[in-house]
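>>> Show me the folded form of this:
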Amino acid sequence: MSGARFREVSRVSAAAVRLTLLSLILALSACATPWDGAGGSTSAIANTSPIPDSAEEPEVRRRARIRVELAASYYQRGNYTVALQELQQAIKIDSDYVAAYGMLGLVSMDLGNREQADASFRKALQLDPNDSDVNNNYGWFLCQTGKPRESIEYFIRAVRNPLYRTPAMPYHNAGICSFKFGDEKSGEDYLLRSFQTDPRNAVALYNLSEFYLKKRNLERAQIFSDRLIQGFEPNAQTLWLALRVERAAGNRDAEASLGTQLKRRFPTSVEAARLARGDYGD
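Numbers count the residues shown, from 1 in each chain. Take a look at the predicted model:
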């Protein structure tokens, strides 16, 4: 896979990292509705353990949970300073709360504090080695910090839990990270497994279409690209992918229509600039 094309895939798949925040919010609020926006994961991670009723939840854990919920909210709005303060308070209240360390790992990862992120994820896994959310998130951290081969183990751990409601995310993460260390066969297999698990997983659809376009298996590239365009509100990345698939297939009318949409709807995007230059990454 060319450097330019892999960077393009990564721009879409990187949403998986950002969506781990949403997964934590979903888990903390006991919401099971997955996010399904184009260009991101259609299978946000959810906690396999239900949040206990207030009557069952120890007071210390309840107080820590509220702090983590607040931290997630601040993080979602980009207020990292307050998010960190809330997480520090949560850990001070309950030093054995897995969700607090998992969230701290995410915040630290976004801030580029690799040592703190690694220590936080490891602490969370020390407290609960089978936590699927943390295993997935730590795997993605390893993948993004130069250890994609090591990351696969954690994605596999994430999906081992038979009660895990949304295993499509660790499967597609495993696919993306397998590509990073050159294992295209495993990458394809993991992405297909993700798609089979959740046919509306936008990240799997995008990466499968991109992979088959690279391999010039245009029939399969079109199948996944069409699912992506028809199933989700298009964005610049998905329109650009569909345009390149149609161009490779020689469908000039479809290519022109997609190009018009891209220029009209996302005129300042990187993809629109590439279209203007005729830079298709062939």
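>>> tally of neighbours for residue 125?
20 (other Cβ atoms under 10 Å). Placement of C-beta: from N, CA and C, glycine included.
>>> Same question for the one 10 residues further on.
Residue crowding around residue 135 was assessed by other Cβ under 10 Å; the count is 28.
>>> And residue 228, by the same measure?
27.
>>> who touches it in this structure?
Taking Cβ atoms under 8 Å, 6 or more residues apart in numbering as the contact definition, residue 228 lies against 38, 202, 205, 206, 209, 238, 241, 242.
>>> Which ones among these lie within helices?
In this view, those that belong to helices under DSSP state H are 202, 205, 206, 209, 238, 241, 242.
>>> how close does the first one get to residue 233?
Between residue 202 and residue 233 the computed distance is 10 Å (Cβ to Cβ, to the nearest Å).
>>> Looking at those two, which is more packed in?
Counted by other Cβ under 10 Å, residue 202 and residue 233 do not tie: residue 202 has more neighbours, with 26 against 10.
>>> Quick check: pLDDT value at that one.
pLDDT recorded at residue 202 is 96.
>>> Does it touch residue 234 like I think?
No - if you go by Cβ atoms under 8 Å, residue 202 and residue 234 don't touch, sitting 10.9 Å apart.
>>> just to revisit the earlier point, are any of the ones in helices among the contacts of residue 228 buried, and if so which?
202, 205, 206, 209, 238, 241, 242 (16 or more other Cβ atoms under 10 Å).
>>> possible to save these as TSV with distance to residue 272?
Shown next, in TSV, are those (distance: Cβ to Cβ, whole Å):
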residue	distance to residue 272
202	21
205	22
206	18
209	20
238	13
241	14
242	14
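>>> Quickly find the element holding residue 175.
Remark: residue 175 resides in helix 168-180, with elements defined by DSSP states H and E.
>>> what mean pLDDT does that helix have?
pLDDT averaged over helix 168-180 gives 97.
>>> now stretch 82-90
Computed over stretch 82-90, the average pLDDT equals 96.
>>> centre of the chain versus it, how much separation?
Stretch 82-90 sits 24 Å away from the centroid of its parent chain (Cα atoms, centre = their mean, to the nearest Å).
>>> just stretch 189-196 next, same as before
The answer for stretch 189-196 is 14 Å, by Cα atoms, centre = their mean.
>>> Name the residues of that stretch that are buried.
190, 191, 192, 193, 194, 195.
>>> Ok, stretch 223-232 next?
223, 224, 225, 227, 228, 229, 232.
>>> The third one and residue 134, how far apart?
Applying Cβ to Cβ, the value for residue 225 to residue 134 is 33 Å.
>>> Tell me where the model's unsure across the protein.
1-55 (pLDDT under 70).
>>> Same list, the buried residues of stretch 189-196, but as TSV with distance to residue 142 and secondary structure please.
Below are those laid out as TSV (distance: Cβ to Cβ, whole Å; DSSP: H, G, I helix; E, B strand; the rest coil):
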residue	distance to residue 142	secondary structure
190	15	helix
191	19	helix
192	23	helix
193	20	helix
194	18	helix
195	23	helix
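>>> Between those residues, which sits nearest residue 129?
residue 190 (21.8 Å; Cβ to Cβ).
>>> my guess is the closest one meets residue 179, correct?
No - contact criterion Cβ under 8 Å: residue 190 and residue 179 do not qualify, at 9.4 Å.
>>> Residue 133 contacts residue 102, doesn't it?
Yes - the criterion here is Cβ under 8 Å, and residue 133 meets it with residue 102 at 6.3 Å.
>>> Beyond the longest helix seen in the chain, next helix or strand please.
Scanning the chain for the helix with the most residues, using DSSP H, yields helix 59-76. Sequence-wise, the next helix or strand beyond helix 59-76 is helix 80-93, with elements assigned using DSSP H and E.
>>> what about that next one, distance to the chain center?
With Cα atoms, centre = their mean, you get 24 Å for helix 80-93.
>>> now do stretch 198-217
Taking Cα atoms, centre = their mean, one finds the center of stretch 198-217 at 15 Å from the center of the full chain.
>>> again, but for stretch 232-240
The answer for stretch 232-240 is 17 Å, by Cα atoms, centre = their mean.
>>> Quick check: chain neighbours aside, which residue is closest to residue 205?
Spatial nearest neighbour of residue 205, chain neighbours left out: residue 228 (4.4 Å); criterion: Cβ to Cβ, 6 or more residues apart in numbering.
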